[in-house]
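Undergrad: need a structure here:
(one chain, ligands or ions: 2)
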Amino acid sequence: MLTHNLGFPRIGLNRELKRAQEQFWKGTIDEEELQKVASELRMRHWKLQAAQGVDIIPVGDFSLYDHMLEMSAALGAVPERFGWDGTKVDLRTFFNMARGGEKAHAMEMTKWFDTNYHYIVPEFTKQQTFKLSSDKIFNEAEEAKAAGFTIKAVLPGPVTYIHLGKVMGEKFDRWEHLNAILSVYEEITKRLAKDCEWIQFDEPAMVLDLPEPVREKFIPVYKRLKAVAGGTKVMVATYFGGLGENEELAASLPVDALHVDLVRSPETEQSLPEKIPASMALSLGIVNGRNIWRVDAEKALGVIERVKGKIGAERIMLAPSCSLQHAPIDLDAETGLDPEIRNWMAFAKQKCAELRLLADIEENKDVSQALEENRKAWASRRASPRVMNEKVRARMSSITEDMYERSSPHGTRKAKQQEVFNLPCLPTTTIGSFPQTGEIRKIRRQFKNGEISENAYRVAMEGFIKDAVVFQHEVGLDVLVHGEPERNDMVEYFGEQLEGFCFTANGWVQSYGSRCVKPPVIFGDVSRPRQVTVEWIKYAQSLTDKPMKGMLTGPVTILCWSFVRDDQPRKDTCKQIALAIRDEVCDLERAGIGMIQIDEAALREGLPLRRKEWDEYLEWAVGSFKLTASGVGDATQIHTHMCYSEFNEIAEWIAKMDADVISIEASRSKMELLNVFEDFEYPNDIGPGVYDIHSPRVPSEEEMVELIRKALKVVHYEKLWINPDCGLKTRAWPETTAALKNMVAAAEKMRI
Ligand code: GLN
Ligand code: ZN
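TA: Ligands and ions are numbered 1, 2, ... in the order given. Below you'll find the model as predicted:
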């Protein structure tokens, strides 16, 4: 059984690529130096994969920014505004497309399926032409071939590439360009065939609900590509879900191998093998490429054996479920992790070794020791008292229906809250964080490294909180926040104080470009051993007579931005987090905090890729939020916040969350999101953002008045709040001050 990989993390164990990219952008290194770092990383990663026993090594998965952008460069799909000369796409043009140029705004970036990786969205215009405009993948194939590796070129498949793009300007059918794009793909395929044993076309779009005209494209596309591949084998890779109604289609593709994600869709094991023709190999995505847990070798072997029984060993290939770019690189570097927990994990490098282990077992090699180690690690994980917390279990089973509901409907609550807070109409507030200055970061770092005492840390933080309160008084905001100086990150901060979480030192994964995130790991039952935010918020409230909003991160967001345990359903883990945060909500109320915001920034991004799975997800996600929020009395005002504006499709679910006030992003899209409220009246209070915090630009009072006017067309005057789009932590003080002053002035102007 051949082992192969679908892609490897680009960024480097110590984020070498990030550093080089950023130095290049600053101008402190030149292109040659940047390319040197890149080629060293590629070589290091090829060697690493081969050394772990991967038979076929991916090339072309590397990028200085993003693999979809590489495809756009290869096709010459460069939007006109970048003033490209039409020869080869040079590095300057490439980065301008990703990040914006002197005069041209960047191409849009959006989430890659349901991962936290973002790709650059291809743009299509009616008059566009395509021609081969980058040699990158050929150069990398030559590089790898010369170094002696057996290689598989990896690139986005044409159907997925076109499907994920967007039409700009004059409306037209993007598939009109298919033929032209495919001609370039043919040329690429022919050239790659010289150096590569395999070419892998990624078609993850096959796991989506696809309209018939898109489904119809696959067969003719792969007929053409297969026809020019010569002796080189062609693989179509699908991942992030099951094929569903596209299964027959996938099985009838005229290609040499089909890759499927058995981690996300274990049922494929039963339905697919019989459908594929004898000429097709099946690549089993059996090691989870998206998470950090060890493969359960015995379970995986069971799957392999059953598939073998149906199609024979020769036609099976073993692989991670998807590209390993979504996993951190090397567990061996995590020397600070608790050894017991570390032993349950595998990062990209270890996952490569797991593939080898599974293949070796199938080839009857003596790997009993490694297999035994795998078995022991799983036994230890299953039995560990650190995973299973009786108290949490008991609480989970004693949850009652009424814990999901506030005691009175919103109308009743609102009247009681208004008695307490006596707010003006169009009340002004912010989303939570204030600019995170170098000074704030320094204090946090010093405290983390043990360079300053807890007391000195607290005094410094209280200083920042006081500054924030004084500032908000000066600006004239109605509902204040403490500014979140103590938080490095809205998920990590809570994870660090909850049981059941641990943190890696180097578990970085690329989010976009040079940006990486280091998600917390949820390994066990979650609980809250002590209060997390209460002291800070209480202190902040002691400084003012105005209402102080307590600030929490919601359970769905904590779940979505972590590596989650795979030994129980995600919804159960989410519910445990909900109980932990619920405790904090109740403690805040008890401490006299009358307004509590529970951020659910990730609720929408957790939506399943398939529509028919939405309701089930929303049911438990919204349920978890309500469980978190509903332990308080009528007079306590619950806020929530979401930082995106595409929520038309889930507006009813957002309403079901029953937060007293919701703040959402709206200013960037000029209140477009409010269209949804023309047909659907949002029942509670709402603050569509009037200040775009993603840019340092200061919006004028008039601009914001205009946005408020727009909002008032669909939101009742007594339900509208005035706030920015999101938190202000990435902004600097001067623009924040100016913008918030304008915002307060705009609100005052609009008050009756
Ligand atoms: N309360 C958080 C902040 O203001 C919310 C951040 C977010 O929604 N991403 O920073
Ligand atoms: Zn936000």
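Undergrad: ok and the residue in the stretch 401-550 of the chain nearest ligand 2?
TA: Proximity of the stretch 401-550 of the chain to ligand 2 (C-beta to the ion) peaks at residue 431, 5.8 Å away. No exception for glycine: its C-beta is placed from N, CA and C like everyone else's.
Undergrad: ok, that residue to ligand 1 distance?
TA: 4 Å (C-beta to the nearest ligand atom, to the nearest Å).
Undergrad: and if you look at residue 510?
TA: 19 Å.
Undergrad: again, but for residue 112
TA: For residue 112, the distance to ligand 1 equals 19 Å [C-beta to the nearest ligand atom].
Undergrad: Do I have it right that residue 588 meets residue 532?
TA: No: contact status for residue 588 versus residue 532: not in contact, 9.7 Å apart, counting by C-beta atoms under 8 Å.
Undergrad: out of those two, which sits in the busier spot?
TA: Set side by side, residue 588 and residue 532 show unequal neighbour counts under other C-beta atoms under 10 Å, the larger going to residue 588 at 27 against 23.
Undergrad: does that one count as helix, strand or coil?
TA: helix (DSSP: H, G, I helix; E, B strand; the rest coil).
Undergrad: Disregarding flanking residues, what is the spatial nearest neighbour of it?
TA: If the residues on either side of it in the chain are set aside, residue 588 comes closest to residue 550, at 4.3 Å by C-beta to C-beta, 6 or more residues apart in numbering.
Undergrad: what is that neighbour paired to in the beta sheet?
TA: For residue 550, the residues forming beta bridges with it (DSSP bridges) are residue 596.
Undergrad: From residue 438, how far out is it?
TA: For residue 550, the distance to residue 438 (C-beta to C-beta, to the nearest Å) stands at 27 Å.
Undergrad: Pick out whichever of those two has more residues nearby.
TA: Between residue 550 and residue 438, counted using other C-beta under 10 Å, residue 550 has the larger neighbour count: 28 against 7.
Undergrad: How about the contacts made by the more buried one?
TA: If a contact means C-beta atoms under 8 Å, 6 or more residues apart in numbering, then residue 550 has 533-534, 537, 585, 588, 593, 595-597 as its contacts.
Undergrad: what does residue 125 give?
TA: If a contact means C-beta under 8 Å, 6+ apart, then residue 125 has 79-80, 167-170 as its contacts.
Undergrad: gap between it and residue 453?
TA: 61 Å.
Undergrad: how near is residue 243 to residue 691?
TA: Residue 243 sits at a distance of 44 Å from residue 691 (criterion: C-beta to C-beta).
Undergrad: and what of residue 256?
TA: 54 Å.
Undergrad: For these two, work out which one has more neighbours and name it.
TA: Neighbours of residue 256 and residue 691, each counted by other C-beta under 10 Å, are more numerous for residue 691; the result is 29 against 17.
Undergrad: Tell me the pLDDT of the residue lying closest to that one once chain neighbours are set aside.
TA: Of all residues not flanking residue 691 in the chain, residue 724 sits nearest, at 4.0 Å (C-beta to C-beta, 6+ apart). Looking at residue 724, its pLDDT is 98.
Undergrad: Residue 724: what's it in contact with?
TA: Under the contact definition (C-beta under 8 Å, 6+ apart), the residues listed for residue 724 are 430-431, 667, 689-693, 739-740, 743.
Undergrad: on that earlier part again, pretty sure the residue of the stretch 401-550 of the chain closest to ligand 2 is touching residue 641, no?
TA: Yes: in this structure, residue 431 is within contact of residue 641 by C-beta under 8 Å, at 5.5 Å.
Undergrad: Give me the pLDDT value at the closest residue to ligand 2 within the stretch 601-750 of the chain.
TA: The minimum distance from the stretch 601-750 of the chain to ligand 2, using C-beta to the ion, falls at residue 643 (2.6 Å). The model reports residue 643 with a pLDDT of 86.
Undergrad: so who does it touch?
TA: Applying C-beta under 8 Å, 6+ apart, we find residue 643 in contact with 601, 664-665, 725-726.
Undergrad: quick one: the spatially closest residue to residue 215 that is not a sequence neighbour from residue 240, how far?
TA: Nearest-residue entry for residue 215: residue 249, 6.0 Å, with adjacent residues in sequence omitted and distances by C-beta to C-beta, 6+ apart. When C-beta to C-beta is the yardstick, residue 249 and residue 240 sit 17 Å from each other.
Undergrad: closest point of the stretch 201-350 of the chain to ligand 2, which residue?
TA: With C-beta to the ion, the shortest gap between the stretch 201-350 of the chain and ligand 2 falls at residue 326, namely 23.1 Å.
Undergrad: next one: phi and psi at that residue?
TA: Taking degrees, to the nearest 10, you get phi -90, psi 0 for the backbone angles of residue 326.
Undergrad: In the stretch 451-600 of the chain, what residue lies closest to ligand 1?
TA: residue 599 (4.7 Å; C-beta to the nearest ligand atom).
Undergrad: Hmm, I typed the wrong one, I wanted the stretch 1-150 of the chain.
TA: Across the stretch 1-150 of the chain, no residue is closer to ligand 1 than residue 116, which sits at 13.0 Å (C-beta to the nearest ligand atom).
Undergrad: What of the stretch 351-500 of the chain?
TA: residue 432 (2.7 Å).
Undergrad: contacting residues for that residue?
TA: Shown in contact with residue 432 (C-beta under 8 Å, 6+ apart): 481, 483-484, 549, 551, 597, 599, 641, 727.
Undergrad: So residue 272 versus residue 278, what's the distance?
TA: Using C-beta to C-beta, residue 272 is found at 14 Å from residue 278.
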